[in-house]
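In: need a 3D model of the sequence below.
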Amino acid sequence: MTPDEVTALFTRSDGDYLFARWGRPIAPVVFGVDDATLATFKGACEAVVSLAGHQLTETDPDLGSNLIVFFFEDWLELVRVPHLDRLVPDLVRRVGRLQAAGANQYRFFRFDEDGAIRAAFVFVRMDADLARVPAESIALNQMVQTILLWSDTAFAERSPLARTPDGTLVLRPEIAAVIRAGYDPAMPTVARDSSHALRLAARIGRTLGQTLAQDT
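Out: Below is the predicted model of the structure:
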């Protein structure tokens, strides 16, 4: 990937560059799914966290669970979830905005004092469009978009996922390389200057080069 392509992944629609990764182990919980879908989401979570070289845990010391995923059919269901408004500020206003936009997914992040991701809340409204999408695609897509603080426009035109010729669902190699590079211990947990993208691009180039060398 070119530095400009990497920069675009973390440049928000207001023009600000902002990169952040998790600063603590991830303790996930999923609501509103059956056992089969829960297992699928768990597998996607383990795969993406392993790719990043990060850690999963059973319990976060502050929140219990710090990655909370809700599946539901109507945005108004969120307003009735006890105490959710304490975790997601202005919940009623957000729900109204999402309803008006006809949105079927939304991610809200909370951050530690240094700007690292502290918690993430993932909301997935199972409308007619998402009902036709395989559970593995939904789970992997949500985990990819939660492992880093991507730009709000990063995947507006192209999904981070792809299908191999035999139909296997995979993460696009360049996006996988961005995640690995973003969690490199030598890289900062938070960055607000686009020069950070140059360092990411250099690491991504090496990662992709090594992958190509192994495949030939």
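In: would you agree residue 22 is in contact with residue 117?
Out: Yes - counting by Cβ atoms under 8 Å, residue 22 touches residue 117, with 4.5 Å between them. For the C-beta atoms, the positions are set from N, CA and C on the backbone; glycine is no exception.
In: run the chain-centre distance for stretch 106-123.
Out: 10 Å (Cα atoms, centre = their mean, to the nearest Å).
In: and the next helix or strand past the longest strand along the chain?
Out: Criterion DSSP state E: the longest strand present in the chain is strand 117-125. In the C-terminal direction, the helix or strand that comes right after strand 117-125 (DSSP states H and E) is helix 128-131.
In: which residues outside that following helix are in contact with it?
Out: 104-105, 124, 138 (Cβ atoms under 8 Å, 6 or more residues apart in numbering).
In: what comes up buried for that helix?
Out: In terms of neighbour count (16 or more other Cβ atoms under 10 Å), helix 128-131 has no buried residues at all.
In: pull that helix out as CSV, backbone CA atoms only.
Out: Taking C-alpha atoms only, helix 128-131 is exported to CSV below (Å, rounded to 0.1, in the frame of the first residue of the first chain):
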residue,chain,number,x,y,z
ALA,A,128,-33.4,-7.2,5.3
ASP,A,129,-30.0,-6.5,3.8
LEU,A,130,-28.0,-7.9,6.7
ALA,A,131,-30.3,-10.9,7.0
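In: give me the buried subset of the contacts of helix 128-131.
Out: Buried, going by 16+ other Cβ under 10 Å: 104-105, 124, 138, out of these.
In: ok, residue 142 touching residue 120?
Out: No - with contact defined as Cβ under 8 Å, residue 142 does not reach residue 120; the gap is 9.5 Å.
In: pull up the overlap in contacts between those two.
Out: What both residue 142 and residue 120 touch, as defined by Cβ under 8 Å, 6+ apart, is the set residue 107.
In: neighbour count winner among those two?
Out: Set residue 142 next to residue 120 and count neighbours by other Cβ atoms under 10 Å: residue 142 wins out with 24 against 21.
In: separation between that one and residue 173?
Out: Distance from residue 142 to residue 173, counting by Cβ to Cβ, to the nearest Å: 20 Å.
In: model confidence score at the closest residue to residue 63 other than its chain neighbours, please.
Out: Nearest residue to residue 63, sequence neighbours excluded (Cβ to Cβ, 6 or more residues apart in numbering): residue 119, at 5.7 Å. Listed pLDDT for residue 119 reads 97.
In: how about residue 216?
Out: 41.
In: what do you get for residue 113?
Out: Value listed for residue 113 in the pLDDT field: 95.
In: fine, thanks again, bye for now.
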